[in-house]
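dropping the sequence and predicted coords here.
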Amino acid sequence: MIPMKEIGGEFWDIPVSEESKKWFPLHTKWYLSGRTALAAIVKDIMLKRWIKSAALPSYCCDSIIIPFVINNIQIKFYDITIDKDHDGVVQNYDSVTDCDVIVIMDFFGYIRTPGLKDFQGIIIRDLTHTIFCSRLQDADYYFGSLRKWAGFWTGGYAWKEDETSLLEGDIDDTGYSIIRKQAMEEKAEYMKKPCTTDFLNKFVDAETCLERLANSKLICADGRDIRMADHIDDIYIRDRRRENAGYLIDRLKEASGIHLIFNQVKKDDCPMFVPIFLDKKRGQELQQWLIKSKIYCPIHWPVSRYHNLTEKAKELYDHEISLVCDQRYLQEDMEFLADRVVYYLNAISQ
């Protein structure tokens, strides 16, 4: 079966509804990125109290770490590990209950986090992976990014549980959004017919620009993204992703050589990916094999110089690959993806 021109990679469109969905609280503030949104939260906390230490999940992007590091806040990581008899990951909060702040999150669009009991500090919930899941109300602050879900140029958001206002972002005068817009327009053309892949360089240029801006000052989201977020078709996104993820999970349940990190799609879930854990360090091999079929599945995340991980916590970085299941694709695309994965697994088992 022939797939679309490619599966995965950067988004180029946003599913929207005619009516306003009111998915985000009215007091939400919009920022350039998820990192910028978290930086605004850290600044808000520091205006009121001194922060000595912050607890972060060991399995995370460095974008979560940097806003604390640049403010000279001590980082303590709590282990996120795999238990193959467990649906989801295991989160060990016990070692960080003495911290001033803790960042908690569920992963890949599956709600599995146990509630935090007896934590006396400030709780920040990262909603980047779960914004379209059933909403949890267990934190003082919430933040995330919509760029991981659809074709947003910016899309960072944050709000406070007490509904008071966070700091406003500055207007972006660097042209970042223009570069992202051009890249997405060119990718949209590429998906319609064979043409140049120059848009890939534009995406790289945009990320380079974003990296520089995120460490300098608070910048607000593009106005177009704020309007689109108000009309995003969350029902369509959830339905397509749940169906696609469910198909992949059913196809791969009996596959040898891998462990499904989440072995079912529950009623509160809206999958971002279907993450799998390979028995050996073969994630990069599988990634390269899939690229030959124009299937682009990310590995989460690179270990940065800011990470300080136990050997057990490092296993997720070494063994995980995220299978694409988003709303751009139909079951025939998921069939092709599953076929390619199974073919690879059978080949390495011989």
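Everything's here; your move.

below-threshold pLDDT in the stretch 151-300 of the chain: ranges please.
Within the stretch 151-300 of the chain, the stretches with pLDDT under 70 are 173-174, 214-215.

which residue ranges of it form helices?
With DSSP state H, counting those that start in this stretch, the ranges of helices along the stretch 151-300 of the chain come out as 176-192, 199-214, 223-230, 234-252, 283-291.

just the buried residues of the second one, please?
So the one you mean is helix 199-214. 199, 202, 203, 205, 206, 209, 210, 213, 214 (16 or more other CB atoms under 10 Å). C-beta: built from backbone N, CA, C; applies to glycine.

can I assume the third one is in contact with residue 181?
No. In this structure, residue 203 is not within contact of residue 181 by CB atoms under 8 Å, at 11.4 Å.

can you tell me how far residue 217 is from residue 31?
Plainly put, residue 217 is 11 Å away from residue 31 if you go by CB to CB, to the nearest Å.

okay, these two: which has more neighbours?
residue 31 (28 against 12; other CB atoms under 10 Å).

for the more buried one, name its beta-bridge partners.
In this structure, residue 31 bridges to residue 156, residue 220 when assessed by DSSP bridges.

that one and residue 158, how far apart?
7 Å.

how about residue 260?
Distance, residue 260 to residue 158, using CB to CB: 32 Å.

quick one, which of these two is more surrounded?
For residue 260 versus residue 158, neighbours defined as other CB under 10 Å are more numerous around residue 158 (26 against 18).

so what's the more buried one up against?
28, 29, 31, 37, 38, 40, 41, 141, 142, 143, 144, 166 (CB atoms under 8 Å, 6 or more residues apart in numbering).

in helices only, show me these.
Within these, residues falling in helices by DSSP state H are 37, 38, 40, 41.

in the residues you listed, which residue is surrounded by the most others?
residue 37 (32 neighbours).

for that one, give its distance to residue 158.
Counting by CB to CB, the gap from residue 37 to residue 158 is 4 Å.

among the helices of the stretch 151-300 of the chain, which is nearest residue 268?
When the helices of the stretch 151-300 of the chain are compared by CB to CB, helix 234-252 sits nearest residue 268, at 10.4 Å.

could the buried residues of helix 199-214 go into a markdown table alongside distance to residue 111?
A markdown table is the format used below for the buried residues of helix 199-214 (distance: CB to CB, whole Å):
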| residue | distance to residue 111 |
| --- | --- |
| 199 | 34 |
| 202 | 35 |
| 203 | 30 |
| 205 | 36 |
| 206 | 31 |
| 209 | 34 |
| 210 | 28 |
| 213 | 32 |
| 214 | 28 |
